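Visitor: Provide a 3D model corresponding to the input given below.
(one chain, ligands or ions: 1)
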Amino acid sequence: MASERVDRREYLEKTVRLWLGLPDRSDVEVPRLPEPLARRFLREEEYEHSYRDQWGCWEFGFSESFRDGTLVSPEIDRWAAEERRRLEGAGISLTPLWPDGKAFALCLTHDVDLVSTSSTPRQVLRSMQNSLERPRHGGLSQQLLRLARPPVRLARAARTGISLAPSATPTLERCVAMELEAGVTASYFFTVLPDRHVSRYDCLYGLNDPCTFRGERHRIVDVIRQLSDDGFDVGLHGSYHSALEPGLLATQKATLERATGLEIKTTRQHFLHWDIRTTPRLQDEAGLAADSTLGFNRSIGFRAGTSLPFHHFDLESNSMLQLIEVPLIIQDGPIFNPVALELDVELALELVHHLIDVIADAGGVATLSFHPNNLEHDDFATVYRSAIEYGLKRGGWAASVGTIQSWWRERAEKLAAA
Ligand SMILES: [Zn+2]
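Guide: Below you'll find the predicted structure:
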């Protein structure tokens, strides 16, 4: 996709104009995003530090907002909301952020890492093969560890179950049913098996693998088409190495499109493996229209200080990409994980409702990611169901990454023409 050369100041002005809903031709002076917020938003610290965690990710503890205590506060959205109030108070007419007078957006998303918690014999074999991936670093002990992995994986598969058509009923099907019942849409990100550079972290299902969905045996690709027919957004869950290795995303997107007959526009990287210096450009070059990876594996929070959508800006080349980012705010994993937040259901509900409240008050996007395979556990399902109900009760516009990106582009076009 074509990126646009703009400098930092111009980019921030364009972005703020969109967040406020100020028409391009308006002669109102665009408020300047205060410098500390601009620095946070542009993720300058992620360019300045090369350190990443064991999975190559920028984690919450590395962030300035973690150190200054504002990681779970949408500082930029609050600033924008205040500016909107100020301008409207001065009689300036602004275009609303969200359709139908909705106060904020509730963006529901799912990384389909597993279609079922049990595996086909072929998936078990793939798992054992992938586990043999050679470490790039590490000595003899790492090599020996590698050889110990296949039997461990086999034992794990035996424990979780091996089946010729693994059931998606308690996982994917439950997830979809909850959303259809609530009358909301969502994004489902599916992986395709990488044609090269496989990682031991990669997902193990192929599009033609069998599963049981709605009481019948299907290929996974048929299930994906059913989700699309039901009105859900289907996106790509890029493989682990696709975050850094050129070309993988384009191939995976094309494979998913060919198999499903759908146009794939949205994406999230598996393991949230996403490096600001490389991944957005690769996603943009692959023709993806929107990403929602900008979050954390081990906490919840506002990595860029905002929940609002924005075109990604490449600070090194001074270019604004076509790619729209919809930041990920609440991920299911860290909420219950014993080495992350380790909340119980009651505390999880308080946290999720609190985040929806602060986002709703600032007119942002409450983007949640729940893995369908986690919904087999009632704690996860209770929190997810409650998040949907609470978000709707607060007046949220239930959307997917797909509907948000198309709304955002249409709105930008209208502002440019107004
Ligand atoms: Zn994943």
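Visitor: which parts of this structure sit against the ion?
Guide: Remark: the part of the chain in contact with the ion comprises 111, 113, 270, using CB under 5 Å from the ion. Yep, even glycine has a C-beta here, placed from its N, CA and C like the rest.
Visitor: for residue 416, state which of the residues you listed is nearest.
Guide: residue 111 (33.6 Å; CB to CB).
Visitor: tell me who's in contact with that closest one.
Guide: 189, 237, 268, 270, 369, 371 (CB atoms under 8 Å, 6 or more residues apart in numbering).
Visitor: buried ones only from the residues you listed, please, as a PyMOL command.
Guide: The buried subset of the contacts of residue 111, as determined by 16 or more other CB atoms under 10 Å, is captured in PyMOL by this line:
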select buried, resi 189+237+268+270+369+371
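Visitor: before we move on, the earlier item: which of the residues of the chain next to the ion fall in strands?
Guide: Among the residues of the chain next to the ion, the members falling in strands (DSSP state E) are residue 111.
Visitor: which one is the residue nearest in space to the middle of the chain nearest to, not counting chain neighbours?
Guide: Nearest residue to the geometric centre of the chain (CA atoms, centre = their mean): residue 292, 3.1 Å. Leaving aside its chain neighbours, residue 292 sits nearest to residue 326 (4.5 Å; criterion: CB to CB, 6 or more residues apart in numbering).
Visitor: show the average pLDDT along stretch 71-89.
Guide: Mean pLDDT, computed over stretch 71-89, is 98.
Visitor: who's in contact with the residue of the stretch 151-300 of the chain found nearest the ion?
Guide: Using CB to the ion, the closest approach of the stretch 151-300 of the chain to the ion is made by residue 270 at 3.7 Å. Going by CB under 8 Å, 6+ apart, residue 270 touches 111, 113, 191, 201, 202, 203, 237, 238, 239, 240, 242.
Visitor: still on that earlier bit, doesn't residue 265 make contact with the residue nearest to the centre of the chain?
Guide: No - counting by CB atoms under 8 Å, residue 292 stays clear of residue 265, with 11.8 Å between them.
Visitor: which residues in this protein form strands?
Guide: 4-5, 104-112, 187-190, 210-213, 216-219, 233-238, 266-269, 290-291, 310-314, 319-325, 330-331, 365-369, 396-399.
Visitor: what about the closest residue to residue 52 other than its chain neighbours, distance to residue 329?
Guide: Excluding its sequence neighbours, the residue lying closest to residue 52 (CB to CB, 6+ apart) is residue 58, at 6.3 Å. When distance is defined by CB to CB, to the nearest Å, residue 58 is 15 Å away from residue 329.
Visitor: which one's more surrounded, these two?
Guide: Between residue 58 and residue 329, counted using other CB atoms under 10 Å, residue 329 has the larger neighbour count: 29 against 22.
Visitor: from the ion, how far off is that one?
Guide: Residue 329 sits 17 Å away from the ion, going by CB to the ion, to the nearest Å.
Visitor: and the pLDDT for that residue?
Guide: Residue 329 carries a pLDDT value of 98.
Visitor: what residues does it make contact with?
Guide: 295, 300, 301, 302, 307, 355, 359, 365, 366, 367, 368.
Visitor: now do the buried residues in stretch 204-222.
Guide: Quick answer for stretch 204-222 (16+ other CB under 10 Å): 204-207, 209-213, 218-222.
Visitor: what's the first-to-last distance across it?
Guide: 17 Å (CA to CA, to the nearest Å).
Visitor: likewise stretch 395-407?
Guide: 18 Å.
Visitor: one more: stretch 302-312?
Guide: 16 Å.
Visitor: now swap in stretch 182-202 and tell me
Guide: 32 Å.
Visitor: buried set for it?
Guide: For stretch 182-202, a neighbour-count test (16+ other CB under 10 Å) marks 182, 184-194, 198-202 as buried.
Visitor: so which elements touch the worst-scoring helix or strand of the chain on mean pLDDT?
Guide: Lowest on mean pLDDT, DSSP states H and E among the helices and strands of the chain sits helix 140-160, with a mean of 85. Counting contacts by 3 or more CB pairs under 8 Å, 6 or more residues apart in numbering; DSSP states H and E, helix 140-160 is packed against helix 121-130.
Visitor: and the angle from the helix it packs on to helix 140-160?
Guide: 170 degrees (axes from the mean of the first three to the mean of the last three CA atoms, to 10 degrees).
Visitor: mind putting the contacts of residue 111 into CSV with pLDDT?
Guide: Converted to CSV, the contacts of residue 111 look like this (pLDDT from 0 to 100):
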residue, pLDDT
189, 98
237, 98
268, 98
270, 98
369, 98
371, 98
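Visitor: of the contacts of residue 329, which is the nearest to the ion?
Guide: For these, the nearest to the ion is residue 295 (12.1 Å; CB to the ion).
Visitor: what about the nearest residue to that closest one once chain neighbours are set aside, how many neighbours?
Guide: What sits nearest to residue 295 in space, not counting adjacent residues and going by CB to CB, 6+ apart, is residue 328, at 3.0 Å. Residue 328 has 28 neighbours, counted by other CB under 10 Å.
Visitor: how near is residue 328 to residue 355?
Guide: Counting by CB to CB - residue 328 and residue 355 are separated by 12 Å.
Visitor: now swap in residue 344 and tell me
Guide: In this view, residue 344 and residue 355 are 17 Å apart by CB to CB.
Visitor: neighbour count: the two, which is higher?
Guide: Just comparing residue 344 and residue 355: by other CB under 10 Å the higher neighbour count belongs to residue 355, 23 against 10.
Visitor: low-confidence ranges, the chain, go.
Guide: 1, 136-138 (pLDDT under 70).
Visitor: try 90
Guide: The model of the chain has pLDDT under 90 over residues 1-3, 25-26, 132-148, 151-159, 161, 418.
Visitor: would you map out the domains in it?
Guide: Per automatic domain parsing, the structural domains of the chain span 4-118+165-417, 120-162.
Visitor: most tightly packed of those?
Guide: Ranked by mean neighbour count, the domains of the chain are led by domain 4-118+165-417 with a mean of 19 (mean count of other CB atoms under 10 Å).
Visitor: need the residues that contact the least confident helix or strand of the chain.
Guide: Outside helix 140-160, the residues that touch it by CB under 8 Å, 6+ apart are 117-119, 123-124, 127-129, 131-135, 200.
Visitor: and the residue lying closest to residue 353 once chain neighbours are set aside, how far from residue 296?
Guide: In space, and not counting its chain neighbours, residue 353 is closest to residue 390: 5.3 Å by CB to CB, 6+ apart. Look at residue 390 and residue 296: by CB to CB, they are 22 Å apart.
Visitor: ditto for residue 47
Guide: From residue 47 to residue 296 the distance is 18 Å (CB to CB).
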